[in-house]
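> Fold the following and give me the result.
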Amino acid sequence: MMLFKRDNLQLGLILGLIGPILGLVVIYFLKFSSVTFSDFLDEFFNNNKLITSIGSLSLLANVILFTIFVNTRRDKTARGIFLVTLVFGIAILILKILN
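Okay, here's the model as predicted:
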């Protein structure tokens, strides 16, 4: 738990990368566990509705992390989470446009 008490940009970047991935896995187990994970990912990347809805829901994990770190005044870590969230958001937008 000492890891979460640190305040640095690198920790925020790492947590920002892990958050949406965990969010995506949770969504898979809650709604799509009847298909294989690779089929789920294939459908996610090729269906515009799923890109928007699941992409946004998976970013909620970062919103929770960001809020925790901002409220505990660990601004450098929160900044890293925010930066990765922006990158994921832009990637979702580009994926939607190119699809």
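
> residues in contact with the closest residue to Asn8 other than its chain neighbours?
Leaving aside its sequence neighbours, Asn8 sits nearest to Lys76 (Cβ to Cβ, 6 or more residues apart in numbering; 5.3 Å). To be clear about C-beta, it is placed using only N, CA and C from the backbone, and glycine gets the same treatment. Contacts of Lys76 were listed using Cβ atoms under 8 Å, 6 or more residues apart in numbering, and they are Asp7, Asn8, Leu9, Gly12.

> Please repeat the previous calculation with a cut-off of 6 Å.
Contact analysis of Lys76 by Cβ atoms under 6 Å, 6 or more residues apart in numbering lists Asp7, Asn8, Leu9.

> Distance-wise, check it relative to Asn47.
As judged by Cβ to Cβ, to the nearest Å, Lys76 and Asn47 stand 37 Å apart.

> And stretch 64-82, end to end?
Start to finish, the residues bounding stretch 64-82 are 11 Å apart (Cα to Cα, to the nearest Å).

> could you give me the average pLDDT of that stretch?
Stretch 64-82 shows a mean pLDDT of 93 in the predicted model.

> tell me the contacts of the residue nearest the centre of the chain?
Taking Cα atoms, centre = their mean, the centroid of the chain lies closest to Pro20, which sits 1.9 Å from it. Neighbour list for Pro20: Ser58, Leu59, Phe88 [criterion: Cβ under 6 Å, 6+ apart].
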